[in-house]
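Q: Here's a sequence, model it:
(one chain, ligands or ions: 2)
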Amino acid sequence: MSIIIAPSLLSADFMNLASEIKMLNESEADWLHLDVMDGRFVPNITFGMPIISQMRKLTTKVLDVHLMIVEPEKYIEDFHKAGADILTVHEEACVHLHRTVSQIKELGMKAGVSLNPHTPVEVLSDIISDLDLVLLMSVNPGFGGQKFIANTYNKIERLRAMANAYNPELIIEIDGGVTNKNAQKLVSCGANALVAGSYVFGAENPKEAIISLK
Ligand code: DX5
Ligand code: ZN
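A: Ligands and ions are numbered 1, 2, ... in the order given. Coordinates of the predicted model:
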C-alpha cells in the first residue's frame, strides 16, 4: 500500500492560498489536511467552513478535515456541506463518540478519530472496527512547527496490532513534527498516512519535499 501524504494548510502562505493550492494540485500529495481550531479545545483559532468550501473549489485532492473543537457533533453537517471527504474528531472532545462517528459515516464521509499524545490507543478498542482512520497526534495540537514526540512510535505499533486484529483496512495517520527524517520509521511502525505542515511549506521546493516524504 502506498503512503498517503497530506500537507497541512496551516503552514501555507495565507496571502497566496490559490497559488499554494495550485502547487499542491501539481504535486504528489494525496490529501489536503485542514486544521480547524476553536480556541477552546486548543489554544489557537484557525478557520472554518468559508475557507473549507473555497478550498473544495480549488483543490483536486481529498479534503482531510481535522476538527480540534469542542462539541464537534454540532457541525458535522456543516463540514459535509463545505466539502469534507474525511472528517476527524478528537476522542477527548466527544462524550458520545460512537454516535458522532455514525453520523459522519451516514453523511457519506470517512470517519476519523484523533488522539492527543497522552491518550492511550487502547481507548479505541471498542470502536476501532467502526473507524476508517485514526489520527495520532505526535505533538500537542494547536500549532504547526512543534517537536515530534518520540513515544508516538510505540503508540503506532500498538494501534497497528489492534487494527490487524479488528480492522486491517484502518488508516493510521500521524500529525505533528513529520519530516523526511522520521517518515520511514513512522511507516515501518505501521502508519500509512503522514501530515506535514512546516516541513512541506517551509521547504525551498515543497513539491520535492512531498516526494522526499513518499
Ligand atoms: C497541529 C495540527 C497539524 C499541524 C502540523 O495541531 O493538527 O496538522 O499543521 O504541523 P507541522 O507538520 O508543522 O508539525
Ligand atoms: Zn492536523
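Q: Every contact and neighbour count from this point should use C-alpha atoms.
A: Will do.
Q: List, one by one, the residues from the chain near ligand 1.
A: Residues of the chain lying close to ligand 1 by C-alpha under 6 Å from any ligand atom are 8, 10, 35, 141-146, 175-178, 196-199.
Q: So which of the residues you listed belong to strands?
A: Secondary structure defined by DSSP state E assigns 35, 175, 196 of the residues of the chain next to ligand 1 to strands.
Q: Let's have these in a markdown table, adding neighbour count.
A: Formatted as a markdown table, these follow (neighbours: other C-alpha atoms under 10 Å):
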| residue | neighbour count |
| --- | --- |
| 35 | 24 |
| 175 | 25 |
| 196 | 30 |
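Q: List just the nearest of those residues to ligand 1.
A: Proximity of those to ligand 1 (C-alpha to the nearest ligand atom) peaks at residue 196, which lies at 3.8 Å.
Q: re the thing from before, of all the ones in strands among the residues of the chain next to ligand 1, which comes closest to residue 186?
A: Residue 186 has its nearest neighbour among these in residue 175, at 10.8 Å by C-alpha to C-alpha.
Q: The closest one reaches residue 196, doesn't it?
A: Yes. Contact criterion C-alpha atoms under 8 Å: residue 175 and residue 196 qualify, at 6.9 Å.
Q: Show me what the most centrally placed residue in the chain bridges to in the sheet.
A: Geometric centre of the chain, nearest residue: residue 66, 5.3 Å, by C-alpha atoms, centre = their mean. Listed beta-bridge partners, residue 66: residue 35, residue 88 (assigned using DSSP bridges).
Q: ok, now which ones touch residue 9?
A: Residues in contact with residue 9 (C-alpha atoms under 8 Å, 6 or more residues apart in numbering) are 32-35, 197.
Q: Name the residues of stretch 136-156 that come out as buried.
A: By 16 or more other C-alpha atoms under 10 Å, the buried positions in stretch 136-156 come out as 136-145, 148, 152-153, 155-156.
Q: so where's this structure shaky on pLDDT?
A: Along the chain, segments meeting pLDDT under 70 span 1.
Q: So which residues of it form helices?
A: 17-25, 49-58, 76-82, 97-106, 152-166, 183-189, 198-201, 206-213 (DSSP state H).
Q: Minimum distance to residue 90: which of the ones you listed has it?
A: helix 97-106 (8.9 Å).
Q: The closest one packs against which elements?
A: Using 3 or more C-alpha pairs under 8 Å, 6 or more residues apart in numbering; DSSP states H and E, the elements in contact with helix 97-106 are strand 110-115.
Q: chain center to the strand it packs on, what's the gap?
A: 8 Å (C-alpha atoms, centre = their mean, to the nearest Å).
Q: If you count contacts, what does it end up packed against?
A: strand 86-90, helix 97-106, strand 133-137.
Q: and residue 131, what does it touch?
A: Residue 131 sits next to 101, 111-113, 170 when contact means C-alpha under 8 Å, 6+ apart.
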